[in-house]
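# Please work out how this folds:
(chains A and B)
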Protein chains: 2
Amino acid sequence: MTPYAQLEAHFAELHQLGHAQAMLYWDEAVMMPRGGGLARGEALAALAALAHRTLTAPQVGDLLDAAEAGKDQPTEWQRANVRSMRRMHLRAVSLPEALVHATQIATMACQQIWRVARAENDWNAVAAPLTEVLALAREEAERLGDALKLSPYDALLDAYEEGTRAAEVAQLFDDLRGFLPDMIDRALGKQRKPLPLPGTFPRKHQRKLGEEMMRALHFDFARGRLDVSHHPFCGGVPDDTRITTRYSEDDFVESLMAVLHETGHALYQQGLPADWRRQPVGNCLGAAVHESQSLFVEMQVSRGRAFMEFAAPHLRQHLGGRQGDVAWSADNLHANAIQVARGLIRVDADELTYPLHIILRFELERALIAGDLAVADIPQAWNELMSKYLGLSTDGNYKDGCMQDVHWFSGLFGYFPTYTLGALMAAQWFSAARDALPDLERQIAAGEFAALVGWLRREIHGRGRLKTAPELLTEITGEPLSLGPFKAHLERRYLGG
Amino acid sequence: MTPYAQLEAHFAELHQLGHAQAMLYWDEAVMMPRGGGLARGEALAALAALAHRTLTAPQVGDLLDAAEAGKDQPTEWQRANVRSMRRMHLRAVSLPEALVHATQIATMACQQIWRVARAENDWNAVAAPLTEVLALAREEAERLGDALKLSPYDALLDAYEEGTRAAEVAQLFDDLRGFLPDMIDRALGKQRKPLPLPGTFPRKHQRKLGEEMMRALHFDFARGRLDVSHHPFCGGVPDDTRITTRYSEDDFVESLMAVLHETGHALYQQGLPADWRRQPVGNCLGAAVHESQSLFVEMQVSRGRAFMEFAAPHLRQHLGGRQGDVAWSADNLHANAIQVARGLIRVDADELTYPLHIILRFELERALIAGDLAVADIPQAWNELMSKYLGLSTDGNYKDGCMQDVHWFSGLFGYFPTYTLGALMAAQWFSAARDALPDLERQIAAGEFAALVGWLRREIHGRGRLKTAPELLTEITGEPLSLGPFKAHLERRYLGG
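This is a model prediction of the structure:
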């Protein structure tokens, strides 16, 4: 076997471990009885250790050297595959197993404490464990930074979206921070209050509606499922993609939009190149691109007026709305789906205020990783930025302030920016799709998504990691990541025109 | 670390791989969309290969030698743990990886062909792939036999129930083969036809009933679930034990009895020693002991008259039977649950005819492994024994004859006897439990299962693999595996007295 062929065989095994991990995570969130948690945690930790050991096996570095020097990868896909392998290997070998293990223990403990403490608004309970988690994250960032020749924070960011740098993010965010507050004021001034949609909407009716929307968007139910979990997510593997939502029987919008959001993630996963299933190059790009796919379907498509034209009759049929009742008209449903309000909670935020939640977190976590902000000072810093950006106070309200998200407590630093980078990208892709499919709005209003999904598959999903995200963006949209399409989208939707 | 401590760490990893395998199997049968099959098959094959590699790692043999020679296992549990490790290691190293791999490929292909061919009664389609599977099974049996110093068939049998030998099984089965035909005739002559229980029994009502019965029997729902699959089974891990059933809306008995049967398996799994979760000694004994636990709950307890006294009001409540309606009386429900009939299908058989189905398979598979019977001659041999033992013909009816069970087509030879060995054991355990708990029949009729389940946990479940099955049987029941309690049980139940 050539070095490249040996690498393919080796990384195929890693893929199979990943299959097991993905399914066990899904099961934990959707199926597992509470008493199974300890055993599951141990099993997942063992699989993670195995995967780390596979990735850092002594022969991998030599094989990569040989493959990179050799000529046994005649195709572009194979060469991209080696690049992806090298990147995974390099990150893994930068971290000693003791640090990986310590991080696992510390983050698991911290998350468990956070779950209880958040409900009790008890900042003191989490400050010490978070300090420990942060110290480990900083060590990780230092080591990765040394290996990758990046600043510590960039090294973390790069894990979630290859090639993204904090300086570039900061520039985009500075611009947004200037643009959004005024934009929000104007949108609030202009928005009309939609008619309420009161009623009781049984879960099974909401479920049927969600499945119908998924089918319309070409989600493949022979290779996937819709289930229920505490937080909506998309998991599983390309040929068995599992999304979840949650139902509230007096509000169907939240659940429906969660289904549409996760369907965007799912289409990406189901659309990955079948010929490269077991190899790194056959995987999704980073978290920002993934989020761009969910926001493409949710924000760009589903919350648009044209989509509601298509969806309104289905909503009425499944949820018992009367035809002719103006509350159930496409106009009113659309107005309902694009309400703007300044609030404390990121996951409840609309697309106008959402980036400010992200910018706040980005600034704080950069300072935390740089050592410029101590854990003890997080609540005050949070409150200050919350007042500054959204005019709201979280003084003493940790629960809805700096304790609302699990990310930091589970060791995720550098992840938050990808949400907003994904929103920018989604607008940029959608703008390109509209150029490519001049008939797009009519198709959406008619519930015809074949051309749109075909475009996504051809341009993005089916190309796996053949290109990096910046390469793909430039190739498809003609420019690097930029604010133009996002701003234009917001102005069109919220200011009319 | 001492050699023993190193072994514990090493085998703990194997346990975690087992966790992943168990959950992926459950998911495949209960949740997986059909398009996920190929990816799942590959993932499971990779995990099996990893487990095999872990078990055969070069250091394991040396560590076992050192541990066996050393003094670092002061407790009985630790010494039993080493014995269990040695047995697993010895079996694994006897089989070259190429054979394991070839078997996996051949059995997977053969099963898939069988699934289609069975529905079409097409023996010709399976004969060739089964010939290949048999050839591999014979090679495996030869190699294991050499390593374990056993005959080839005994080496297979020993995989499923340690210490069981074909000669001993043949003796028990000879006795049964003499005893049962006349016993069946007498039972059929004596049995009264129960009043029918017509109606439509919605799945969700059957499900609630099943859950209520599980709770009564101390199934721990904080550490387990009840779901639906094509064939009922018990899977998962001790702290997350998952059983399944299937529902037919015009017959609740089959589903209820499946739930009770699987609850027996589940109690065993949930009752394993918590202190030894990650080690071989903390596992269940073999397949016969496992089956004895399911048959203990199903055959010994649940199909008994006392249990129906307890269950009848619950059945009426959930399934809409009227009190006072004699069809829903404990007497009639009991008569319904113990109907005897000669039939072609093993899984539909009652406890009187079931052993004859097993004896037939045992005789044929011994001849197959010995090379005394060719695959081409199976249909005729099956038909002959079916006529001889049950007076029924399978001439030309492969579907309900030699193609009814998946076992051989998936490479399982030596497994069938454990069903009947389990039935014998169940009667033997129950007889011992009755001696230990003189009030038992009254407790069962009152739905009080704490003492009975406590006895099972203390005597059997909680002891894992501390003793072998023969040791445990002799210690608890005062004698080795024997036919006495089983015959006495059948005579009492079917001939009265």
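
# nearest residue to residue A:151 other than its sequence neighbours?
residue A:145 (5.8 Å; C-beta to C-beta, 6 or more residues apart in numbering or on different chains). The way it works is simple: take the backbone N, C-alpha and C, and place the C-beta from them, glycine included.

# quick one, what contacts that neighbour?
Each residue near residue A:145 by C-beta atoms under 8 Å, 6 or more residues apart in numbering or on different chains is listed here: A:151, A:152, A:154, A:155.

# wait, which of the residues you listed is closest to residue A:458?
residue A:154 (32.0 Å; C-beta to C-beta).

# need the contact list for the closest one.
Taking C-beta under 8 Å, 6+ apart as the test, what residue A:154 contacts is A:145, A:165, A:166.

# burial of residue A:209, as a residue count?
21 (other C-beta atoms under 10 Å in any protein chain shown).

# And the strands in chain A?
All strands of chain A, identified by DSSP state E, fall at A:224-228, A:234-237, A:240-245.

# Tell me which of these approaches chain B most closely.
strand A:240-245 (3.2 Å; C-beta to the nearest C-beta).

# partners of that closest one, with directions?
Neighbouring strands of strand A:240-245 in its sheet, by DSSP bridges, are strand A:224-228 (parallel), strand A:234-237 (antiparallel).

# So what's the gap between the shortest one and the chain middle?
Averaging C-alpha coordinates over strand A:234-237 and over its chain gives two centres that are 13 Å apart (C-alpha atoms, centre = their mean, to the nearest Å).

# Could you do stretch A:104-122 as well?
22 Å.

# which other residues reach that stretch?
A:41, A:45, A:48, A:123, A:125-126, A:129-130, A:132-133, A:136, A:397-399, A:403-404, A:406, A:409-411.

# do the same with stretch A:311-320
So stretch A:311-320 is contacted by A:199, A:201, A:205-206, A:208-209, A:212-213, A:252, A:256, A:302, A:321-323, A:328-330, A:333 (C-beta under 8 Å, 6+ apart).

# tell me, which of these make contact with chain B?
Among the contacts of stretch A:311-320, proximity to chain B is found for none (C-beta under 8 Å from any C-beta of the partner chain).

# Return the residues of the stretch 101-250 of chain A in contact with chain B.
So far as C-beta under 8 Å from any C-beta goes, the stretch 101-250 of chain A lies against chain B at A:220, A:221, A:222, A:223, A:224, A:225, A:237, A:238, A:239, A:240.

# quick one: the fourth one and residue A:270 touch, right?
Spelled out, that is residue A:223. Yes. Under the criterion of C-beta atoms under 8 Å, residue A:223 makes contact with residue A:270 at 6.0 Å.

# follow-up on the earlier one: show the buried residues in the contacts of stretch A:104-122.
Using 16 or more other C-beta atoms under 10 Å in any protein chain shown as the burial test, the contacts of stretch A:104-122 include A:45, A:123, A:125-126, A:129-130, A:132-133, A:136, A:397-399, A:403-404, A:406, A:409, A:411 as buried.

# excluding its backbone neighbours, what's nearest residue A:365?
Nearest residue to residue A:365, sequence neighbours excluded (C-beta to C-beta, 6+ apart): residue A:413, at 5.0 Å.

# List the backbone torsions phi and psi for the one you found.
Per-residue torsions, residue A:413: phi -120, psi 140 (degrees, to the nearest 10).

# cool, and residue A:161?
phi -150, psi 100.

# which residues does the nearest residue to it once chain neighbours are set aside contact?
What sits nearest to residue A:161 in space, not counting adjacent residues and going by C-beta to C-beta, 6+ apart, is residue A:286, at 3.5 Å. By C-beta under 8 Å, 6+ apart, the residues touching residue A:286 are A:160, A:161, A:162, A:164, A:418, A:469.

# For the stretch 301-450 of chain A, which residue gets nearest to chain B?
For the stretch 301-450 of chain A, C-beta to the nearest C-beta, closest residue to chain B: residue A:450, 19.5 Å.

# Next, count neighbours for the residue of the stretch 351-497 of chain A found nearest chain B.
Relative to chain B, the nearest point of the stretch 351-497 of chain A is residue A:464 (15.8 Å; C-beta to the nearest C-beta). Using other C-beta under 10 Å, residue A:464 is surrounded by 25 other residues.

# and it, backbone torsions?
Per degrees, to the nearest 10, the backbone of residue A:464 is at phi 50, psi -130.

# Report the contact partners of the closest residue to residue A:274 other than its chain neighbours.
Of all residues not flanking residue A:274 in the chain, residue A:238 sits nearest, at 7.8 Å (C-beta to C-beta, 6+ apart). By C-beta under 8 Å, 6+ apart, the contact list for residue A:238 reads A:223, A:269, A:270, A:272, A:274, A:277, A:282, B:39.

# The fourth one reaches residue A:466, doesn't it?
This points to residue A:272. No. Using C-beta under 8 Å, residue A:272 makes no contact with residue A:466, being 10.9 Å away.

# So between those two, which is more surrounded?
residue A:272 (23 against 20).

# pLDDT score for the more buried one?
With respect to pLDDT, residue A:272 has a value of 98.

# what does residue A:497 give?
Note for residue A:497: predicted pLDDT of 56.

# likewise residue A:7?
For residue A:7, pLDDT reads 97.

# hang on, the earlier thing: skipping its backbone neighbours, what lies nearest the residue of the stretch 301-450 of chain A closest to chain B in space?
residue A:218 (7.1 Å).

# ditto for residue A:181
residue A:389 (7.3 Å).

# State the number of residues packed around that neighbour.
Considering only other C-beta under 10 Å, residue A:389 is surrounded by 20 other residues.

# Then the one 5 residues further on?
Close neighbours of residue A:394, defined as other C-beta under 10 Å, add up to 22.

# Can you get me a residue count around the residue lying closest to it once chain neighbours are set aside?
Sequence neighbours aside, residue A:401 is the residue nearest to residue A:394 in space, at 3.1 Å (criterion: C-beta to C-beta, 6+ apart). Look at residue A:401: counted by other C-beta under 10 Å, it has 21 neighbours.

# Please give me every residue in contact with residue A:401.
Per C-beta under 8 Å, 6+ apart, neighbours of residue A:401: A:344, A:379, A:382, A:383, A:386, A:394.

# biggest separation within those residues, which pair?
A:344 and A:379 (13.3 Å).

# anything in contact with each of those two?
A:394, A:401.
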